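# All I have is the shape, not the residue letters:
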């Protein structure tokens with residue numbers, strides 16, 4: 001069973017959103033997944049409400065039509081005929097809520113979204129909204145801030161940030177599947193709080209790698225696919241009291257194709273009491289980040 005069978009890409013047609021589209025299309029093609037291109041139209045834009053009330057016209061109608069035309073052009077320009085694609089134009093005051101709700105309703109396995117936008121309305125869809133999608137989505141989320149996933153010809157590997165806590169195994173499973181699908185090495189990294197934690201962390205990483213059971217990314221015989229141990233290129237344990245700074249530094253140094261990290265999706269009081277490592281890494285990472293909800 002494939003992990004990513006349906007990919008949803010959120011776009012506002014800006015350059016960072018273009019990286020998300022390119023990445024989502026590439027993943028859907030490689031994984032044999034369905035693709036949904038989605039955009040969110042903001043209701044009641046400044047300056048439109050008064051004129052619409054005088055004419056009796058729908059406030060959102062021109063913007064919905066414009067967004068639909070943009071999605072059609074995007075589809076024609078970026079999606080190959082081998083990829084099944086649907087287009088979704090949504091009207092919502094909360095772009096993040098619209099995207100996560102659509103993912104739930106459509107049975108999406110992966111959301112792809114940019115983390116940097118341009119001014120005005122576009123800022124509503126990207127930036128902080130990407131963090132809200134990471135926080136609330138029940139499926140994995142691939143965020144792209146500075147470049148597209150697979151931009152450099154699949155030459156670098158997949159890095160999985162393993163925190164070694166219960167329930168974080170799905171992040172490793174996702175990393176294993178990506179490494180298998182793209183034929184790239186896998187690296188497990190862990191940030192230990194003290195030097196005394198380093199040796200047991202290395203042992204735990206090896207046990208975790210040996211027990212990874214990511215589903216096969218294709219219909220090929222699973223027996224012919226490389227195991228997680230065969231894919232494993234390196235184990236890295238660094239000692240740092242700041243896991244966010246350590247992970248960002250490692251990503252800058254090693255330049256992985258994608259960094260995979262587990263997230264708890266905390267909201268409300270629990271989120272205010274504990275710093276969200278995954279959200280800060282998403283904001284600061286030099287490479288694409290795949291956040292995966294804990295089991």
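Done, it's in. All values derive from a computational prediction rather than experimental measurement.
# can you list contacts of the strand or helix carrying residue 204?
Using DSSP states H and E, residue 204 maps to helix 198-210. Helix 198-210 has contacts (CB atoms under 8 Å, 6 or more residues apart in numbering) with 162, 164, 169, 172, 188, 190, 192, 228-229, 232, 235, 237, 239. C-beta coordinates here come from the backbone N, C-alpha and C atoms, glycine included.
# tell me the strands in the stretch 51-200 of the chain, going along the chain?
85-91, 110-114, 141-144, 158-161, 186-192 (DSSP state E, counting those that start in this stretch).
# CSV for those strands, including distance to residue 77 and mean neighbour count?
As requested, these are exported to CSV (distance: least, CB to CB, whole Å; neighbours: other CB atoms under 10 Å):
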stretch, distance to residue 77, mean neighbour count
strand 85-91, 12, 18
strand 110-114, 17, 29
strand 141-144, 18, 29
strand 158-161, 28, 28
strand 186-192, 33, 24
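# Pipe those strands into CSV and attach mean pLDDT per row.
Below are these laid out as CSV (pLDDT from 0 to 100):
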stretch, mean pLDDT
strand 85-91, 94
strand 110-114, 94
strand 141-144, 92
strand 158-161, 92
strand 186-192, 89
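# List the contacts of residue 259.
Residues near residue 259 by CB under 8 Å, 6+ apart: 159-161, 247, 251, 281, 285, 287-290.
# try 7 Å this time
Going by CB atoms under 7 Å, 6 or more residues apart in numbering, residue 259 touches 159, 161, 251, 285, 287, 289.
# wait, isn't the fifth one in contact with residue 260?
By that I understand residue 287. No - with contacts counted by CB atoms under 7 Å, residue 287 stays clear of residue 260, the gap being 10.7 Å.
# In terms of neighbours, single out the busier of those two.
The neighbour comparison of residue 287 against residue 260 (other CB atoms under 10 Å) goes to residue 260, with 29 against 21.
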